[in-house]
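Q: give me the fold of what follows.
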Amino acid sequence: LDWNRPGEQVIEEFNKGDMVKAQVLDVDIDKERISLGMKQVGGDPFVEAAEAGDVRRGAVVTSEVTEVKDGGLEVKIVDTDLTSFIRRADLARDRDEQRPERYSVGQKIDARVTQFDKKARRVGVSIKALQIAEEKEAVAQFGSTDSGASLGDILGAALKGRGDEE
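A: Numbering: from 1, shown residues only. Prediction:
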């Protein structure tokens, strides 16, 4: 009946004889039944919110922390009604930085969308995935793994070069 509320809550709003708009979902000739759906008449707000905010797998999104828990962070993707949970393991690449208490409610953070499941109506985001992608991009831009250079070597050379300019 509704995308966001359970059927028991929504059904209390209707009375026998009310006129409603519905879409035919199934026709069972043997049982002489027709299955109707009211929520299918309008679009899915989950998909519409995702498209409006350009939320798709691999995209970088800004999220606002709504709740800090021991296991991670509850976040709301900015400019949408979509919410997600960032697990403790996805808070940072380095294990010692995977502490939810580092963050506060209302703080805005950037993260990469790792999962977008329309059927389950879930969005997964990860700060760790964003950090790994940024590191790969830096290695690709400033050096290659074929040369044997590590990220530390590349960043050290970049910082040394910046120090020479001053």
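
Q: which elements pack onto the helix or strand where residue 137 lies?
A: Residue 137 is located in helix 127-142, with elements delineated by DSSP states H and E. Packed against helix 127-142 by the contact rule (3 or more Cβ pairs under 8 Å, 6 or more residues apart in numbering; DSSP states H and E) you find strand 108-117, helix 151-165. The way it works is simple: take the backbone N, C-alpha and C, and place the C-beta from them, glycine included.

Q: just put the ones you listed in CSV and tack on distance to residue 58.
A: Formatted as CSV, the helices and strands packed on helix 127-142 follow (distance: least, Cβ to Cβ, whole Å):
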stretch, distance to residue 58
strand 108-117, 6
helix 151-165, 22
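
Q: worst average pLDDT in these?
A: Mean pLDDT values for the helices and strands packed on helix 127-142 show the minimum at helix 151-165, a mean of 67.

Q: kindly indicate whether the residue lying farthest from the centre of the chain is helix, strand or coil.
A: Checked against the mean C-alpha position of the chain, the extreme residue using Cα atoms, centre = their mean is residue 30, at a distance of 43.2 Å. Following DSSP: H, G, I helix; E, B strand; the rest coil, residue 30 is assigned to coil.

Q: per-residue confidence at it?
A: pLDDT, residue 30: 92.

Q: where's it relative to residue 22, distance?
A: With the distance defined as Cβ to Cβ, to the nearest Å, residue 30 ends up 22 Å from residue 22.

Q: same deal with residue 37?
A: According to Cβ to Cβ, residue 37 and residue 22 sit 6 Å apart.

Q: same check, this time on residue 101
A: Relative to residue 22, and taking Cβ to Cβ, residue 101 is found at 48 Å.

Q: with residue 103 instead?
A: As judged by Cβ to Cβ, residue 103 and residue 22 stand 44 Å apart.

Q: quick one: low-confidence residue ranges for this protein.
A: In the prediction, the chain carries residues with pLDDT under 70 at positions 3-4, 44-54, 142-151, 161-166.

Q: what do you get if the cut-off is 90, keeping everything else the same?
A: Along the chain, the model assigns pLDDT under 90 to residues 1-25, 36-107, 109-166.

Q: and residue 63, what is it in contact with?
A: Contacts were defined as Cβ atoms under 8 Å, 6 or more residues apart in numbering; by that measure residue 63 touches 75, 76, 77, 78, 84, 86, 108, 109, 110, 111, 125.
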